[in-house]
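# After the sequence you'll find the predicted model.
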Amino acid sequence: MKWKFSWFKLSPPQILVMGFASIILLGTLLLTLPIANTTGKPLAFIDALFTATSATCVTGLVVKDTGTFFTMFGQVVIIMLIQVGGIGFMTMATLFALILKRRISLRDRLLLQEAMNQNTMEGIVRLIRKVLFFSLIIEGVAAILLTIRWSIDMPFGKALYFGIFHAISMFNNAGFDLFGDFRSLTGYVYDPLVNFVVMFLIVSGGIGFIVLSDLVDFKRTRRISLHSKVVLSMTAFLIVFGAIVIFVFEYSNPRTLGSLNWGGKILGSFFQSVTPRTAGANTIDLGGMRQASQFFMIILMFIGASPGSTGGGIKTTTFTIIIGAVISMLRGREDIVLFRYRLAQERIFKALTITLLALLLVLSVAMVLSTTEDSPFLMILYETTSAFGTVGLTMGLTTKLSLIGKILISLTMFAGRLGPLTMAYALGPKKGKELYRHPEGKIIIG
């Protein structure tokens, strides 16, 4: 039997939605088992569903502490969901197909194209091989470095387990940790090795496999694509600018950077600037940050990572196009030009559509949660944006969510991982190409 999906009479976006939903359901059933938690009792279905959704959508929001509530069985289920959800279930399916030497059909390639957010099927299987290779190498090296560091603080076996778990979690921008009591990495705010390794994992997982491929091949090709140039430049700008803003706002705040020395302030500023790129780890108390910093982090979380990566958000390229459109309009130019390349109108319309759909989703969910949850609106907006951007940062609302709140945040994580446009394509009716154009009209704007 050939490995293919021809028996599905569904579009690629619909298959992606069904695939992720199936993985979440399987993870939910496994996490409800008494063996998965330390109480020895079945976990409530909604809590298992929330955790499985958060893991599969590589978010990191948790209603139960991963390090203390779940057994090793439960933690292994979570990390497997993170790995499959991070690089994509279609990538994993392709891996098994390649191992079994089965043919990748045209429909499968179309599905992979949709899953990897590519414009063409050309070289898609080669890209999948690179995705698997990059993931294994980066996670493996990071796991070794973290194991060496943590073997100082704990037995080697535990350090190895922690190293592997956190390498997978951070590379896939999930943010799950095993340190207990919802502490994340706050105990390592001064540790340069842990900070730099985790930040490298977050950034490398967040820039996307296409960019990683470009960087690896640069020595041979001596060229970098426009996409990679945009991603790398915007990523660097957001990290540096974000670190400066957080440093300025939190410099004298005794609950965050104020009590740290200069080295801690700089490391803390950069780490908190990197982690909203959909990672979910933190080294300082996020609830203790000033409101200006918290709102700024909401903006960073909304932008998120880059296309073809393990992260969420509207993506750095979308944000770049929106900024480019504003600049072009202010300068009275018709075209958006990036690195001497003009962008097609289709790209601009897609960026605007994604941004507006994302705004509509985040604001709608936040407004509903403001009526179901007894918390300040900024905290609710922070939580909602974190869920949409598959970030996993929280100001402490996650564990207090009501049943409706858990369902809404779960749906937001799901929509954020797949992308608002993919969800719209999957749920909306398929329409053919228009055979005519209406006459041009003019309206007054501004």
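Done, it's in.
# When you work out contacts or count neighbours from here on, use the C-alpha atoms and nothing else.
Will do.
# Show me what the host helix or strand of T385 is packed against.
If you go by DSSP states H and E, T385 is part of helix 377-388. Helices and strands touching helix 377-388, by 3 or more Cα pairs under 8 Å, 6 or more residues apart in numbering; DSSP states H and E, are helix 291-303, helix 345-372, helix 403-418.
# Generate a markdown table for the ones you listed, with mean pLDDT and distance to F209 as supplementary columns.
Formatted as a markdown table, those follow (pLDDT from 0 to 100; distance: least, Cα to Cα, whole Å):
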| stretch | mean pLDDT | distance to F209 |
| --- | --- | --- |
| helix 291-303 | 95 | 18 |
| helix 345-372 | 93 | 20 |
| helix 403-418 | 92 | 16 |
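# Minimum distance to K229: which of these has it?
helix 345-372 (16.4 Å; Cα to Cα).
# Report the buried residues of the closest one.
For helix 345-372, a neighbour-count test (16 or more other Cα atoms under 10 Å) marks 348, 351-352, 354-355, 357-359, 361-362, 365-366, 369-370 as buried.
# tally of neighbours for the residue lying closest to S410 once chain neighbours are set aside?
Excluding the flanking residues, the one nearest S410 by Cα to Cα, 6 or more residues apart in numbering is F50, at 5.7 Å. Neighbour count of F50, defined by other Cα atoms under 10 Å: 23.
# Am I right that F50 sits in a helix?
Yes. Under DSSP: H, G, I helix; E, B strand; the rest coil, F50 sits within a helix.
# who's in contact with H166?
H166 makes contacts with A143, F176, D177, as judged by Cα atoms under 8 Å, 6 or more residues apart in numbering.
# so is the closest residue to the second one other than its chain neighbours in a helix, a strand, or just coil?
Spelled out, it's F176. Of all residues not flanking F176 in the chain, G60 sits nearest, at 5.1 Å (Cα to Cα, 6+ apart). Under the three-state scheme (three-state DSSP), G60 adopts coil.
# Helix 345-372 and the helix holding T385, what's the angle between them?
Relative orientation of helix 377-388 versus helix 345-372 (axes from the mean of the first three to the mean of the last three Cα atoms, to 10 degrees): 130 degrees.
# just checking, the residue nearest to S410 touches K64?
No. Here F50 lies out of contact with K64, judged by Cα atoms under 8 Å, at a distance of 9.7 Å.
# wait, F162 sits on I148?
No. Using Cα under 8 Å, F162 is not in contact with I148; the gap is 10.6 Å.
# Please identify which of these two sits among more neighbours.
Per other Cα under 10 Å, whichever of F162 and I148 has more neighbours is F162, with 20 against 15.
# Which element, helix or strand, includes that one?
Under the criterion of DSSP H and E, F162 resides in helix 156-171.
# Tell me the buried residues in that helix?
159-171.
# following that helix, which helix or strand comes up?
helix 192-206.
# orientation of that next one relative to helix 156-171 in degrees?
Using the same axes, to 10 degrees: helix 192-206 against helix 156-171 is 40 degrees.
# got any ranges where the stretch 51-200 of the chain has weak pLDDT?
Residue ranges of the stretch 51-200 of the chain with pLDDT under 70: 88-125, 127.
# Let's see that with 80 instead.
The stretch 51-200 of the chain contains residues with pLDDT under 80 at 87-132.
# how close does T316 get to T278?
12 Å (Cα to Cα, to the nearest Å).
# Looking at the two now, which is surrounded by more residues?
T278 (37 against 27).
# how far away is that one from S169?
Taking Cα to Cα, one finds T278 at 11 Å from S169.
# what does S54 give?
12 Å.
# so M18, which of the three states?
helix.
# State the pLDDT value of it.
On pLDDT, M18 comes in at 82.
# Tell me who's in contact with it.
With Cα under 8 Å, 6+ apart, M18 has no contacts at all.
# Same check on F388?
F388 touches F302, G312, G313, V362, T412, M413, F414, A415, G416, R417, counting by Cα under 8 Å, 6+ apart.
# Need the max-distance pair from the residues you listed.
F302 and F414 (14.9 Å).
# who's more crowded, the two?
More neighbours surround F302 than the other of F302 and F414, with 32 against 26 (other Cα under 10 Å).
# how close does that one sit to I407?
From F302 to I407 the distance is 20 Å (Cα to Cα).
# Correct me if wrong: N172 contacts V58.
Yes. Judged on Cα under 8 Å, N172 makes contact with V58 at a distance of 6.5 Å.
# So for the two, which residue has more residues nearby?
For N172 versus V58, the count of surrounding residues by other Cα under 10 Å is larger for V58: 40 against 33.
# Which parts of stretch 333-343 count as buried, going by neighbours?
Buried-residue list, stretch 333-343, by 16+ other Cα under 10 Å: D335, I336.
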